[in-house]
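Enquirer: Need coordinates for the following:
(one chain, ligands or ions: 2)
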Amino acid sequence: MLTPQELKTLQKTALQVRKNVLREIKAGKMGHIGGALSIVDIVTALYFKIMNIDPKKPLMRDRDRFVLSAGHKCLALYAVLAERGFFDHSVLDTYGSLGSKLPGHPDMHKLPGVESNTGALGHGLSIAGGMAMGLKMDGLGSKVYVIMGDGELAEGSNWEAAAASSHHKLDNMLVFVDRNSLQISGRTVEVMSYEPLEERWRSFGWGTRIINGHDIETIVKAAEEFPFEKGKPSVVIADTVKSKGISFAEDRVDFHYWKAKEEEILQAEQEFAAIDRRLEE
Ligand SMILES: Cc1ncc(C[n+]2csc(CCOP(=O)(O)OP(=O)(O)O)c2C)c(N)n1
Ligand SMILES: [Mg+2]
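Expert: Ligands and ions are numbered 1, 2, ... in the order given. Got it, this is the predicted structure:
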């Protein structure tokens, strides 16, 4: 449970993370904005309220793990890691430059806090399952958190990983499916539908919950209450809006990857400033 003050602070942090994402776009002049902004509230709740992590000791043995299976959403991961103190905010300004530690898809060998290389969709759940199993074998109570895209679920390997995770009773793993209902080329249900998602995950032996993926209080509650069923891995189907926070880009497939015009960035900055003023009231 969050106090009203804690909730307000997390909402302000999420806005700051969105500003960091925009700062990266401004530096690189382009990037995967849509999917990054749809997961900002989830990563903010995880990194600022839920996970046992220490930016000064990014490889601490008993840390919780986070795997961004949908690696193209990495602008949000870099943004939250900077905000949480894993590295200086100035690194965000290198996005899109040669030799940057912030590649177009995350690289664990380049940046502290990145637990796994991802970007080829459909691999993160297997990687996370291995981590969850290893942590149990080592007798550690650490948890593994994963974010997947709803379009990503069309990769068949996910469903092998889902079956294996329930077979091995990985109740130390919580997956968030970012159900923004869009993928790269259209509506997820039209391109390749895996609906109804909840029934599908349930049939694979998972505990499930559906939430509003922009409601930080509900995200925190789900993460605090998992495992949803004893001895089972858990999945939250998080209903979100692609490009959440930038009005002209919200829920639009053409903002999957944004080649940003200067005036668009300016408008987005103004919209974030307006949210800032509302949160101050
Ligand atoms: C194996 C693989 N196939 C195709 C792609 C190209 N690709 C990048 S993002 C994307 C769409 C993914 O949709 P979703 O998981 O819903 O993420 P969102 O667009 O909502 O951020 C695709 C197909 C990829 N990265 N990896
Ligand atoms: Mg999607």
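Enquirer: Please make it C-alpha for all contacts and neighbour counts, starting now.
Expert: OK.
Enquirer: Would you tell me which residues of the protein are close to ligand 2?
Expert: 149, 150, 151, 180, 182, 183 (C-alpha under 5 Å from the ion).
Enquirer: For residue 129, give its distance to residue 69.
Expert: Separation of residue 129 from residue 69 (C-alpha to C-alpha, to the nearest Å): 12 Å.
Enquirer: and residue 281, what pLDDT?
Expert: pLDDT for residue 281: 86.
Enquirer: where does this structure have low pLDDT?
Expert: Counting by pLDDT under 70, not a single residue of the chain qualifies.
Enquirer: buried ones in the longest helix seen in it?
Expert: Using DSSP state H, we find that the single longest helix of the chain is helix 4-28. Buried residues in helix 4-28, counting neighbours by 16 or more other C-alpha atoms under 10 Å, are found at 7, 10-28.
Enquirer: re earlier: ok, residue 129 and residue 69, which is more surrounded?
Expert: Taking other C-alpha atoms under 10 Å, residue 129 and residue 69 do not tie; residue 69 has more neighbours (29 against 23).
Enquirer: now that one, nearest residue through space, not along the chain?
Expert: What sits nearest to residue 69 in space, not counting adjacent residues and going by C-alpha to C-alpha, 6 or more residues apart in numbering, is residue 124, at 4.0 Å.
Enquirer: Could you do residue 11 as well?
Expert: In space, and not counting its chain neighbours, residue 11 is closest to residue 216: 7.3 Å by C-alpha to C-alpha, 6+ apart.
Enquirer: That neighbour contacts residue 13, doesn't it?
Expert: No. Using C-alpha atoms under 8 Å as the test, residue 216 is too far from residue 13 to be in contact (10.9 Å).
Enquirer: circling back: same list as before, the residues of the chain next to ligand 2 that is, but in a markdown table and with secondary structure included.
Expert: As requested, the residues of the chain next to ligand 2 are exported to a markdown table (DSSP: H, G, I helix; E, B strand; the rest coil):
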| residue | secondary structure |
| --- | --- |
| 149 | strand |
| 150 | coil |
| 151 | coil |
| 180 | coil |
| 182 | strand |
| 183 | strand |
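Enquirer: Need the residues you listed in a markdown table (columns: neighbour count).
Expert: Below are the residues of the chain next to ligand 2 laid out as a markdown table (neighbours: other C-alpha atoms under 10 Å):
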| residue | neighbour count |
| --- | --- |
| 149 | 28 |
| 150 | 26 |
| 151 | 27 |
| 180 | 25 |
| 182 | 25 |
| 183 | 23 |
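Enquirer: What about ligand 1: which of those touch it?
Expert: Restricting those to those near ligand 1 by C-alpha under 6 Å from any ligand atom leaves 149, 150, 151, 180, 182, 183.
Enquirer: TSV for these, including distance to residue 256?
Expert: Shown next, in TSV, are those (distance: C-alpha to C-alpha, whole Å):
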residue	distance to residue 256
149	12
150	13
151	12
180	11
182	9
183	8
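Enquirer: Of those residues, which is the nearest to residue 199?
Expert: Nearest to residue 199, judged by C-alpha to C-alpha, of those is residue 150 at 14.4 Å.
Enquirer: Now do the end-to-end distance for stretch 137-148.
Expert: End-to-end distance (C-alpha to C-alpha), stretch 137-148: 25 Å.
Enquirer: Show me where the protein has its strands.
Expert: Using DSSP state E, the strands of the chain run over 30-31, 65-68, 144-149, 173-179, 182-183, 186-187, 207-212, 234-239, 258-259.
Enquirer: Can I get those strands in CSV including distance to residue 89?
Expert: Putting the strands of the chain into CSV (distance: least, C-alpha to C-alpha, whole Å) gives the following:
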stretch, distance to residue 89
strand 30-31, 18
strand 65-68, 20
strand 144-149, 23
strand 173-179, 26
strand 182-183, 29
strand 186-187, 33
strand 207-212, 29
strand 234-239, 28
strand 258-259, 22
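Enquirer: so what's residue 222 up against?
Expert: Residues counted as contacts of residue 222 (C-alpha atoms under 8 Å, 6 or more residues apart in numbering) are 209, 236.
Enquirer: Cool, thanks, signing off.
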